[in-house]
Structure formats: structure tokens, C-alpha cells
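J.: Need the 3D shape of this:
(4 chains)
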2 protein chains.
Amino acid sequence: MSDGVTEAILQQVGAAAGLRFDRSSTAERVADVLRELIISGDLPPGTALREQQLVTSFEVSRNTIREAFRLLGRERLVVYHLHRGVAVRRLNEHDVHDIYRTRRPLELMAIEYSADAPRAAVVALVGLVEQAESAAEAGDWKQVGTLNIAFHQHLVELIGSERISAFFRVVDAELRLAFALVEPADLYTPFIPRNRKIAELLVAGDRAAAAKELTAYLEEAERLIRAGVRV
Amino acid sequence: MSDGVTEAILQQVGAAAGLRFDRSSTAERVADVLRELIISGDLPPGTALREQQLVTSFEVSRNTIREAFRLLGRERLVVYHLHRGVAVRRLNEHDVHDIYRTRRPLELMAIEYSADAPRAAVVALVGLVEQAESAAEAGDWKQVGTLNIAFHQHLVELIGSERISAFFRVVDAELRLAFALVEPADLYTPFIPRNRKIAELLVAGDRAAAAKELTAYLEEAERLIRAGVRV
DNA sequence: GCATATTTGTCCGTATGTATA
DNA sequence: CTATACATACGGACAAATATG
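T.: Numbering: from 1, shown residues only, chains lettered A, B, ... in the order given. All right, here's what the predicted structure looks like:
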């Protein structure tokens, strides 16, 4: 009945997190911990999050847990089933498709806006790629993944809208629900050189070529992740 | 002490909404009603939403109210102050500026995507403008406002991303927090002909001119609303 | 600045309804 | 079909923080 593995994970992190004695509300902090567990893959898609279980692991009340669920639900990281509680969201192919339909216009627009963005911000993209290359050589795929995300997040931030940046973060967290299903080496290795090319083209000011390269990147990534979700 | 006006509004709507016996959770439904009250301007920015007050008007428990607050908080319609509860959000000039920094790239991208969108969807924009013209003649400013929003929502939907559409809806609801501060006639009258021009240019396939017109629209709207917020 | 009242933050017990074995 | 487990929702309690006189 009770999922021993899930329970163990929650015990660890919940207890260690020092949930009380903070500035924000307990519900926010519970949501933060759960979000981290979800996007890191420790709580894989489909995992049922039972209220009582979380009450004992986090040592907070059920009300607080439920408030945290509401927050995560709005971020699309968990799904509600009335009278059946919440579970970590499982993306289907359509979800992945729509996420890329979301990323494409945003990132393409970011390329256009790069013309007006501070040069330092554009150059910083190259630095992120270089860090990713080092991490890949060291075989640290988790770090490569983080840096890949940081690259695209940074790109979108060139638009200069806090709301779009925040929206992109949420969509990105959502996309990570699918990452657990794909081999990290498969996922990132081919994309580092692509990111490098995009960054270099932007620094050179060739936005049209950068847009072309980005489109190719996104198409390949979507295909790969959709294949992973299909399984 | 207790705000009689706010109370009266909540009494009315809360009781009339038939909150129980529905498919979704009570918290969702409470949030729906509150959202409507907020974006319609019945609960103007700054209004304190006291838990006990809502408990009596909606006849639900405090826990449920708090869950609804979490939902609205994630939509940026209310703000939390620890140990001081929630209040209807009050936009400042920076907020309005960022909202337009958000709208601009999205709507410009929508114009580009209109090339690939189904023709019927593009033509439908003209229909929305015509409805707005009728409503303006009839002096129904509330309806004009609704139709203006529908126009831009419809435009963004040409991108074809459910997530972007949903995001735009949230941003739009947020923007309405500022509408209460501007005279509706001032706000909408000059924009109907602009919308018409944009729609006609899109139907004609002249996307560059439509983009120019849209940019002018957004600049004017931002200026007007920022002036309203400044007061 | 202090004492008091109010309100939030959080926890708990319980009753009801729903889904699943 | 019954039993069980669980989520949903309510209401009461109390400490802590904040607002008020």
C-alpha cells in the first residue's frame, strides 16, 4: 500500500529542510521542497502524493499540505483528481508538443530582442555554453542539464519582461517532468554544439542564422522528448 | 472596522453562486467568484480580504478560503503579507510597464504566426471589432472592454499554443486591476479604430504594417494606463 | 510605549462522500 | 456488493503577529 521508496525520500528531505522559522509561509516552503523533488526526478511522474504521508514526513498539518498542493497545481506540476488527491503530473505527447509550441515563439522573439539587449547579456550566453562543455567532459550530466536550461532561460530573459521570464521558468519546470524518461547523455550531448552556434551567431549579430539554428534545435529536442514520452 | 460595502458585495455574490454540489473543488469555485469580482472592479485594488468575512459570506470553512487565496496569489490577483493576510493587488507603474513588455512580443509574434493560422481565425478578428463598434455606439463600455480583451486574446491564440494563451489570459486579468483607475470611454474609444486597422491589415496579409499599427496601439495604451496608475 | 483586541498561521478532530480492492 | 482507504470539507482551538486605543 504505502510506497516505501517515496516515503524514504520524503522523510529525508522534509526533515532536513528546516521548514519552520522562516520568513515565508509554511505552505510556500513545502511547495518549494516538493517542486525540487519533482523537477529533479526524485518524485517521478505518476507518484501519488498522499496527504497523510506528507503530514508525517514534513511534520506539518494537512491544511498546509493542501495549500502547497494548490500552488503546485497552478504550476502544472501536479494534477488533481477529485476525491482521489494529487499525483505528480505525467506529460503526454500533446503536452510536449504544446510546450515546444510555447518555447519556439518565445525564444525566436528573444533572438529578435537580442539586438537591443545589453551586449554583456548576449556574451554571457557563450560563457554558459562553455560551462556546459566542461561539465559534459566531466560526465556531470545533471549539471549539463541545469546549464542547458540556464542557457535558454537566459536567452528568453533578453526580452526583458519579468513575467515572460517567470512564465518560461514554469514551462521549463513542466518540461523537466519528461526529462526523467530520456537518457541524459542522449538529451544533451548533441545540443551543446548547437547552443554554441546560436550564442556565437548572436554575438556576431547574425540573428537570422541564429533563428534558423534555434528552430532546428527545438525541432530535434521535441522529437527526442516526444519519443521518450511515447514509451 | 468592517468594510460594509465589501461585505455587501460578497454577501450577494457568494450566496448566489451555488457553491456546493458541483464538479470542481469548493476552493476552485470560491476562487472563480473572487476572480470575477476582482477583474470586474467590484473589489478594487487594495481591498483587504479577511478570512472570517469570506467565511460568513461564502459559507465555507476558513481552510477552503485559504486554498482559494493560494490560487489567486499564483495569478497575481492578490498579494500576501505574512500575518496580515491578503489584499487585492494594486499595480504600480513598473507592473504596467512590464505587462506591456510582455504583451508586445507575444502579440507581435502572433502577427507573424497569422501567416500560418487558419484564415477563418484571422477573419474572426474583424467580427470582434464590429461587435465592439456596436457596443460603443450603444454606450455599453463594459461590453466594449470585454470585446477589446477578446480581440487581443484571439490574436494571441493565433500562435496556437495553449500555454501561451492561458498565460495571456492571466496577464490580461492582471491588467484589469488597473482598468478601474481609467475612464472606460478614454480607454477604449481611440482603440477600436486601431483594432479595426490591425484586423484588416492581417486579413490583407500585410503583416509588417499590422505590426507597426499594433506597436503604436500598445504604446498609447501603456501611456494611458500608466498615467491612471500614477494617480 | 503599553495593554488590548483582532487577525492570521497552524494544528487537530470529525463527518461525509467517493473511488477502488 | 461490501469494506476500506482516502480525499473533501467543516469547525474548534491556540499561539504568534499585528493593529488599535
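J.: hey, let's count contacts and neighbours off CA atoms from now on
T.: OK.
J.: Any idea how far apart the tips of stretch A:38-57 sit?
T.: End-to-end distance for stretch A:38-57: 16 Å, by C-alpha to C-alpha, to the nearest Å.
J.: in that stretch, what counts as buried?
T.: A:38-45, A:47-49, A:51, A:53-57 (16 or more other C-alpha atoms under 10 Å in any protein chain shown).
J.: these two touch, right, A:Val170 and A:Gly73?
T.: No: assessed by C-alpha atoms under 8 Å, A:Val170 is found out of contact with A:Gly73, at 11.4 Å.
J.: Who has more neighbours out of those two?
T.: A:Gly73 (19 against 15; other C-alpha atoms under 10 Å in any protein chain shown).
J.: And that one, how far from B:Glu36?
T.: 20 Å.
J.: before we move on, what about A:Glu133?
T.: Between A:Glu133 and B:Glu36 the distance is 50 Å, computed by C-alpha to C-alpha.
J.: Comparing the two, which shows the higher neighbour count?
T.: Legend: neighbour count by other C-alpha under 10 Å for A:Glu133 and B:Glu36, higher for A:Glu133 (18 against 13).
J.: how far away is the closest residue to that one other than its chain neighbours from chain B?
T.: Excluding its sequence neighbours, the residue lying closest to A:Glu133 (C-alpha to C-alpha, 6 or more residues apart in numbering or on different chains) is A:Ile192, at 6.9 Å. Distance, A:Ile192 to chain B, by C-alpha to the nearest C-alpha, to the nearest Å: 26 Å.
J.: quick one: average pLDDT of the helix or strand A:Ile192 falls within?
T.: Assigned by DSSP states H and E, A:Ile192 belongs to helix A:191-204. Regarding helix A:191-204, the rounded mean pLDDT is 96.
J.: elements contacting the strand or helix carrying A:Glu220?
T.: A:Glu220 belongs to helix A:207-230 when assigned by DSSP H and E. Contacts defined by 3 or more C-alpha pairs under 8 Å, 6 or more residues apart in numbering or on different chains; DSSP states H and E place helix A:207-230 against helix A:93-113, helix A:162-179, helix A:191-204.
J.: DNA strand D versus the spatially closest residue to A:Glu162 that is not a sequence neighbour, what's the distance?
T.: Residue nearest to A:Glu162 in three dimensions, not counting chain neighbours: B:Asp98, with 6.6 Å by C-alpha to C-alpha, 6+ apart. Distance of B:Asp98 to DNA strand D, given as C-alpha to the nearest atom of the strand, to the nearest Å: 28 Å.
J.: who's in contact with B:Asp98?
T.: Going by C-alpha atoms under 8 Å, 6 or more residues apart in numbering or on different chains, B:Asp98 touches A:Ser161, A:Glu162, A:Arg163.
J.: Could you list which of the residues you listed also contact DNA strand C?
T.: Among the contacts of B:Asp98, no residue is within reach of DNA strand C (C-alpha under 7 Å from any atom of the strand).
J.: Narrow those residues to those that are buried.
T.: A:Ser161, A:Arg163.
J.: Please report the distance of A:Arg62 from DNA strand C.
T.: 6 Å.
J.: how close does A:Phe179 sit to A:Thr146?
T.: Taking C-alpha to C-alpha, one finds A:Phe179 at 12 Å from A:Thr146.
J.: higher neighbour count, the two?
T.: More crowded of A:Phe179 and A:Thr146, by other C-alpha under 10 Å: A:Phe179, with 19 against 11.
J.: still on that earlier bit, just the ones in strands from the buried residues of stretch A:38-57, please.
T.: A:Ala48, A:Leu49 (DSSP state E).
J.: show me what contacts the residue nearest in space to the middle of chain A?
T.: For chain A, the residue nearest the mean C-alpha position is A:Ala173 (2.7 Å; C-alpha atoms, centre = their mean). Residues in contact with A:Ala173 (C-alpha under 8 Å, 6+ apart) are A:Ile39, A:Leu77.
J.: try 7 Å this time
T.: By C-alpha atoms under 7 Å, 6 or more residues apart in numbering or on different chains, the contact list for A:Ala173 reads A:Ile39.
J.: same deal with A:Gly46?
T.: So A:Gly46 contacts A:Ala87, A:Val88, A:Arg89, A:Arg90 (C-alpha under 7 Å, 6+ apart).
J.: A:Arg62 contacts A:Gln53, doesn't it?
T.: No: A:Arg62 is beyond contact range of A:Gln53, at 9.7 Å (criterion: C-alpha atoms under 7 Å).
J.: how near is A:Arg101 to DNA strand C?
T.: For A:Arg101 relative to DNA strand C (C-alpha to the nearest atom of the strand), the value is 32 Å.
J.: Likewise for A:Val123?
T.: 42 Å.
J.: in what helix or strand does that residue lie?
T.: helix A:119-137.
J.: From the chain's centroid, how far away is that helix?
T.: 19 Å (C-alpha atoms, centre = their mean, to the nearest Å).
J.: So for that helix, what gets flagged as buried?
T.: Quick answer for helix A:119-137 (16+ other C-alpha under 10 Å): A:Val122, A:Ala124, A:Leu125, A:Val126, A:Leu128, A:Val129, A:Glu130, A:Ala132, A:Glu133, A:Ala135, A:Ala136.
J.: can you pull the contacts of the first one?
T.: In this case it means A:Val122. So A:Val122 contacts A:Ser114, A:Leu202, A:Val203 (C-alpha under 7 Å, 6+ apart).
J.: picking up where we left off before, out of the contacts of B:Asp98, the closest to B:Glu107 would be?
T.: The closest of those to B:Glu107 turns out to be A:Ser161 (C-alpha to C-alpha; 13.7 Å).
J.: Let me know whether that closest one touches B:Thr102 as I believe.
T.: Yes: with contact defined as C-alpha under 7 Å, A:Ser161 counts as touching B:Thr102 (5.6 Å).
J.: Enumerate the residues of chain A near DNA strand D.
T.: A:1-2, A:49-52, A:80-86.
J.: I'd like to know which helix or strand in chain A has the lowest mean pLDDT.
T.: helix A:4-16 (a mean of 50; mean pLDDT, DSSP states H and E).
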